[in-house]
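# No sequence on hand, only this structure:
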């Protein structure tokens, strides 16, 4: 198995590094300069055990049981019991792409040298990644403080040779997978179990998955929305740069610039520059920069928060070797991640909401000037009538999903952990929301391409012609009623794969550059 190599610089991962690991398996090597800090931190924990000083999670119980002192000869058992008792997740397994992010970020966090783990712990995490072994982590069971305890316990089981893992798409026992890969099962020393399961890596990985999906949706929505403007014979005047400069919102300015470039050179637009009786287009056409630009800004803000968190040390307690202190705090509380995920939910929902409105516009002949429901011989043919209903249903679902998760909290651990972030659910629901919005955009892409085809012999702009052609390679013109679900599925997959922006990479990059 041959992978590209990524050198892990603890605390210095870029968003492009995380995106690359999300997209495909890479070979990860730890930067050599991280070793000294890791070793010093582990030595500090060893000294505490040797001296017999009581320190939380090192030689005490956990949570409400923190006052219970554990004898030295039982410290390995303490850590093992911690993992076995905390591996209580439920639900479907997390995707392998998301699990790769979890394992990478946990290794990066421990390698910062504040967690007190031995180098072998980090080496074993990276060995899993490099062997293509993905721990089976149930997606439900964390409240986002005190860290993602249950899901990270399932990750840690794999290091110990317990539980199940995925290898080349097959579910197999972790013990056999480790043996086949030549990886020794990890026997946890003092504090190591706690360091592995205390942290926000699962919440952050789920939110990063949502972020990367949201980026694709924003790009797809910008391109498909421009195609829809042409299909509806909309005006390009609302995208005049002076309008957007006067307001000053960076995302709005960037989306307007992209939309202008996408529409440039359209014969359809030139055909109705003069003597068009319509004074103003509906908001779903002319306010695209205002709406999509605001979504872009939310996504960019979430990206900044999540990148900080991906590089963070979020277990507890933390070791500071310069002062020889072990200090208990609360970096495991995932409130920043919950807020970022909640704002991503807003953006994903709105990208879908405005797309659904454009579909409704296109199928309404009184607004679009196109055949009713975008099909010849309407009545005999129903065309896009119920495809729009599907889009409306999904847009409505997303409204409910967009309710902020971060405003909820339930106390746990006998009220020791009395306020929690719900960041894990905040991140988890983004996948379903993104797929809903991708389906809506896929339906709009089908509808906009259909509308453009009805304007022949006039053609759309050179840039949008690429977008039209990319769809037509998979889905032909809808001349009469046929089984429609495969068309929608094909368009959905193109959106999910980022193909709506194919050939527009320069414009898509410019959207995020400002």
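Here it is on my side, so go on. These numbers were taken from a predicted model, which means no experiment stands behind them.
# C-alpha from now on. contacts and neighbour counts both.
Will do.
# any idea which element residue 333 lies in?
Using DSSP states H and E, residue 333 sits within no helix or strand.
# Quick check: mean pLDDT of the host helix or strand of residue 493?
Here residue 493 sits within helix 485-496, counting by DSSP H and E. Average pLDDT, helix 485-496: 98.
# what packs against it?
In this structure, helix 485-496 makes packing contacts with helix 201-231, helix 423-454, judged by 3 or more Cα pairs under 8 Å, 6 or more residues apart in numbering; DSSP states H and E.
# if you set the cut-off to 6 Å instead, what comes out?
helix 423-454 (3 or more Cα pairs under 6 Å, 6 or more residues apart in numbering; DSSP states H and E).
# Next secondary structure after the helix it packs on?
Later in the chain than helix 423-454, the nearest helix or strand by DSSP H and E is helix 462-472.
# tell me the angle of the helix or strand following the helix holding residue 493 relative to helix 201-231?
Once the chain leaves helix 485-496, the next helix or strand it forms, by DSSP H and E, is helix 505-513. Taking axes from the mean of the first three to the mean of the last three Cα atoms, to 10 degrees, one finds helix 505-513 and helix 201-231 inclined to each other by 120 degrees.
# Pretty sure residue 326 sits in a strand.
Yes - assessed by DSSP: H, G, I helix; E, B strand; the rest coil, residue 326 belongs to a strand.
# what's the nearest residue to it if we skip its chain neighbours?
Nearest residue to residue 326, sequence neighbours excluded (Cα to Cα, 6 or more residues apart in numbering): residue 319, at 4.5 Å.
# Check the nearest residue to residue 342 once chain neighbours are set aside and give its pLDDT.
Nearest residue to residue 342, sequence neighbours excluded (Cα to Cα, 6+ apart): residue 404, at 5.4 Å. We have a pLDDT of 95 for residue 404.
# Then residue 355?
Looking at residue 355, its pLDDT is 98.
# which ones are touching it?
By Cα atoms under 6 Å, 6 or more residues apart in numbering, residue 355 lies in contact with nothing.
# in what helix or strand does it lie?
Going by DSSP H and E, residue 355 is in helix 335-363.
# Give me the angle between that helix and helix 423-454.
Using the same axes, to 10 degrees: helix 335-363 against helix 423-454 is 20 degrees.
# Quick one: residues in contact with the next helix or strand after helix 335-363.
Using DSSP H and E, the next helix or strand after helix 335-363 towards the C-terminus is helix 365-368. Here helix 365-368 makes contact (Cα under 6 Å, 6+ apart) with 232, 362, 371, 372.
# quick one: which of those residues is most hemmed in?
Counting neighbours by other Cα atoms under 10 Å, residue 362 leads the contacts of helix 365-368 with 28 neighbours.
# who are the neighbours in contact with that one?
residue 368.
# Quick check: pLDDT value at it.
For residue 362, pLDDT reads 98.
# ditto for residue 443
98.
# cool, and residue 1?
46.
# Mind telling me what element residue 196 is part of?
helix 192-197.
# so how far is that helix from its chain's centroid?
25 Å (Cα atoms, centre = their mean, to the nearest Å).
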